[in-house]
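Novice: fold the following for me, if possible:
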Amino acid sequence: LMSHGGESTTGIFWLNSAEMFVDVHETADKSLHTHWYAESGVIDVFLYAGDTPADVLAQFVETTGKPYMPPLFSVAYHQCRWNYKNEKDVAQVDGKFDEHDIPFDVLWLDIEHTDGKRYFTWDKTHFPTPVAMQERLAVKGRKMVTIIDPHIKIDEGFPVYREAREKGYFVKNAQGSEFQGDCWPGRSAWLDYTDERVRQYWAELFSYDRYQGSSPTLFTWNDMNEPAIFSGPEATMDKDAKHLDGTEHREVHNQYGFLQAMSTVQGQRLRAPTERPFVLSRSFFAGSQKYHAVWTGDNMAKWDHLRAGQHMLLTLGLSALPFVGADVGGFFYNPDPELLVRWYQAGAYYPFFRAHAHIETKRREPWLFGDENTARIRDAIRARYHLLPYVYTVFRISHETGLPVMRPLFLQYPRQVDLFGVYDQFLVGADVMVAPVLSAGAATVDVVVPDGSVWFQVPTGKKFTEGKHSVPVDMSGIPVFYRGGSIVPKKERLRRSSALMVHDPYTLVVSLDANRAAQGKLYLDDGHSTAFERGEAAVVTFTLDTHGALTASKVGSFACDNKVERIVFYGAESAPRAIRVGDRALESTFSDGVLTVRKPDVAVTGGWTMTISWT
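Specialist: All right, here's what the predicted structure looks like:
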């Protein structure tokens, strides 16, 4: 729990995985009091104090661990539903994205892809050639994710159940027999991930010889891992169930899913030691940021869920969980076109960007709502791909510092008291501000610009100064702004997936501050391997000084041959007299405060100076 009072911030972390309640209440004198109580466990409490929320968050991250650096594909767009029916369905969905010029990186399969909900298997009728199916996606730079839940179908013919039973790896009931309950496969048992031997066994199941039909481009979704048990009290495991060391489940309940996801990550690392893993988990605990992404679970296709989900993501970020998202469109029920479009427009700026839907909902792929709405959703998804260089850079900052990717305004501006309750708009990193449309039929969105700052709306370059603004909106998009004083790197060529963008040139968007200066960073690595841990990475710093000299300087060994194909300046007061790189004059256009320099043809990694003569 974090409390920020404008001049200082405090934090409390009670390390206890039992059932816990925290009451927060306001007293008559307007002060806040908290009351903490847990069913069991030890009192192991960490107290943090600092000048700002970022200070306290840094201490919490020092305690629990820094976020992992995800592979680039996982930061792009994911397409999911319960369920894509068969290999033909997968191929048709994949092809339709190409037909409609909509990029995506990952296609997901839910529980129906398995042989009777036996995880690590495939339905041989509907998915007879899973490796070939994955390879057809991989040709376009795309990946696949399959769901693997913790409940193990009780079936002596199922090797995972039989082996785990013989080894004694399942959680026991209070009487010492195998704990059993009902979940998707019917009668099931649950592995005890609190035991290191069980975690190692689980990890080894992800090897290519054990997980038949898997390939290097297949990744994992751990769902139902609280654990969810249909027949259990409160739809979970009995509190008096016994783990292998004799501990009652009540003591470790909130670590169960965390340990499963951690073991899944270990499995991906065992099968491919030099590649970065990708795992999504519904359950999490303090420290989950070191291993996997998180989403908010089974939401509904309702406007209040769009709004509440945004607030939840901001709170999760303040809990040191930066790789978070909510199901775009809502999991339950059928969104109308307006809600779906608005959710895509907001979701394009979530750290984890995935559309998902329940098996009983109507199909809702982006092209099923008429040409006009298809174009709107296409624009939203493309906006994410254009911004990937910046978003990936923010993930790198998060990996190094623990700061969230998606931030409430008060985290960046901790002294401005009137920002403390602002959750309907948010920041991506420090330099991009987003104000989603969160209600039906909206003609305007209220936007707060922090004190002492100036922001420019994308793509018009319209300038907004500190204070409250009513910004007109239509269905074509939502208000997005770049901070004055920032340089945002982008890639704007249309490709089918992020992997096919690797060699594309960059666009730099330079938003001028009051002194006509700006600075920004671009993080570079290969996007998929662990080579960055050995120093094979680089950070490029772009700097525009007050004299009109724009430079790029690189720190780090990673090399690439990408060029800069366009530089856009927001906040220019007039057309410059001249723009030069060395002795070469560059062409430009100027309109309504936006200066566009075309074909500078300079290396994104630097070694050049562009001189802008304003007068």
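Novice: with adjacent residues omitted, what lies nearest to Leu313?
Specialist: Val324 (5.1 Å; C-beta to C-beta, 6 or more residues apart in numbering). Bear in mind the C-beta positions are built from the backbone N, C-alpha and C, glycine included.
Novice: that neighbour: neighbour count?
Specialist: Burial of Val324 is recorded as 25 neighbouring residues (other C-beta atoms under 10 Å).
Novice: for the one 5 residues further on, same thing?
Specialist: Counted with other C-beta under 10 Å, the burial measure for Gly329 works out to 26 neighbours.
Novice: any figure for the gap between it and Glu234?
Specialist: Relative to Glu234, Gly329 is positioned 28 Å away (C-beta to C-beta, to the nearest Å).
Novice: same question, Trp184
Specialist: For Trp184 relative to Glu234 (C-beta to C-beta), the value is 18 Å.
Novice: swap in Ala54?
Specialist: Taking C-beta to C-beta, one finds Ala54 at 36 Å from Glu234.
Novice: circling back to that earlier point, of Trp184 and Glu234, which one has the most company?
Specialist: Higher neighbour count among Trp184 and Glu234: Trp184, with 20 against 10, using other C-beta under 10 Å.
Novice: my read: that one touches Asp149, true?
Specialist: Yes - using C-beta atoms under 8 Å, Trp184 is in contact with Asp149, at 6.9 Å.
Novice: so what sits against both of the two?
Specialist: 111, 224 (C-beta atoms under 8 Å, 6 or more residues apart in numbering).
Novice: leaving aside the residues adjacent along the chain, what's closest to the residue nearest to the spatial centre of the chain?
Specialist: Centroid-nearest residue in the chain, with C-alpha atoms, centre = their mean: Phe352, separated by 2.3 Å. Distance criterion C-beta to C-beta, 6+ apart; nearest residue to Phe352, sequence neighbours excluded, is Gly325 at 3.0 Å.
Novice: list the buried ones in the lengthiest strand in the chain?
Specialist: Counting residues, the longest strand found in the chain (DSSP state E) is strand 444-457. For strand 444-457, burial by neighbour count (16 or more other C-beta atoms under 10 Å) applies to 445, 447-450, 453-457.
Novice: direction included, what does that strand pair up with?
Specialist: Partners of strand 444-457 in the sheet, by DSSP bridges, are strand 463-472 (antiparallel), strand 480-483 (antiparallel).
Novice: distance from the chain centre to the first one, please.
Specialist: Averaging C-alpha coordinates over strand 463-472 and over its chain gives two centres that are 28 Å apart (C-alpha atoms, centre = their mean, to the nearest Å).
Novice: with only the CA atoms kept, save that strand in PDB.
Specialist: C-alpha atoms of strand 463-472 as PDB (Å, rounded to 0.1, in the frame of the first residue of the first chain):
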ATOM      1  CA  LYS A 463      -0.400  23.000 -28.600                       C
ATOM      2  CA  PHE A 464      -1.900  22.600 -25.100                       C
ATOM      3  CA  THR A 465      -0.600  24.400 -22.100                       C
ATOM      4  CA  GLU A 466      -1.100  23.800 -18.400                       C
ATOM      5  CA  GLY A 467      -4.700  23.600 -17.100                       C
ATOM      6  CA  LYS A 468      -7.900  21.800 -17.900                       C
ATOM      7  CA  HIS A 469      -9.100  21.500 -21.500                       C
ATOM      8  CA  SER A 470     -12.200  20.100 -23.200                       C
ATOM      9  CA  VAL A 471     -10.900  18.400 -26.300                       C
ATOM     10  CA  PRO A 472     -13.300  17.500 -29.100                       C
END
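Novice: list the buried residues of it.
Specialist: Buried, per 16+ other C-beta under 10 Å, within strand 463-472: 463-464, 469.
Novice: okay if I get the residues you listed as a markdown table plus distance to Met20 and pLDDT?
Specialist: Listed next are the buried residues of strand 463-472 as a markdown table, based on distance: C-beta to C-beta, whole Å; pLDDT from 0 to 100:
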| residue | distance to Met20 | pLDDT |
| --- | --- | --- |
| Lys463 | 47 | 98 |
| Phe464 | 42 | 98 |
| His469 | 41 | 98 |
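Novice: check contacts around the residue nearest to Phe352.
Specialist: 293-296, 313, 347, 350-354.
Novice: rerun at 10 Å
Specialist: Gly325 makes contact with 78, 280, 293-296, 309, 313, 316, 347, 350-354, 356, 406, according to C-beta atoms under 10 Å, 6 or more residues apart in numbering.
Novice: one more: Phe464?
Specialist: 433, 447-449, 453-457, 471, 479, 481, 484.
Novice: the stretch 101-250 of the chain: helices as residue ranges?
Specialist: According to DSSP state H, counting those that start in this stretch, the stretch 101-250 of the chain carries its helices in the segments 130-138, 159-167, 196-204, 249-252.
Novice: who's His4 bridged to?
Specialist: Thr9.
Novice: pretty sure it sits against Pro53.
Specialist: Yes - if you go by C-beta atoms under 10 Å, His4 and Pro53 touch, sitting 5.1 Å apart.
Novice: looking at those two, which has the bigger crowd around it?
Specialist: Pro53 (22 against 19).
Novice: would you list the phi and psi of the more buried one?
Specialist: Backbone dihedrals for Pro53, given as degrees, to the nearest 10, come out at phi -60, psi -40.
Novice: OK, contacts around it?
Specialist: Pro53 neighbours (C-beta under 10 Å, 6+ apart): 2-4, 9-11, 318, 403, 407-408, 410-412, 414.
Novice: next one: Arg276
Specialist: With contact taken as C-beta under 10 Å, 6+ apart, Arg276 is in contact with 68-74, 265, 268-269, 525-533.
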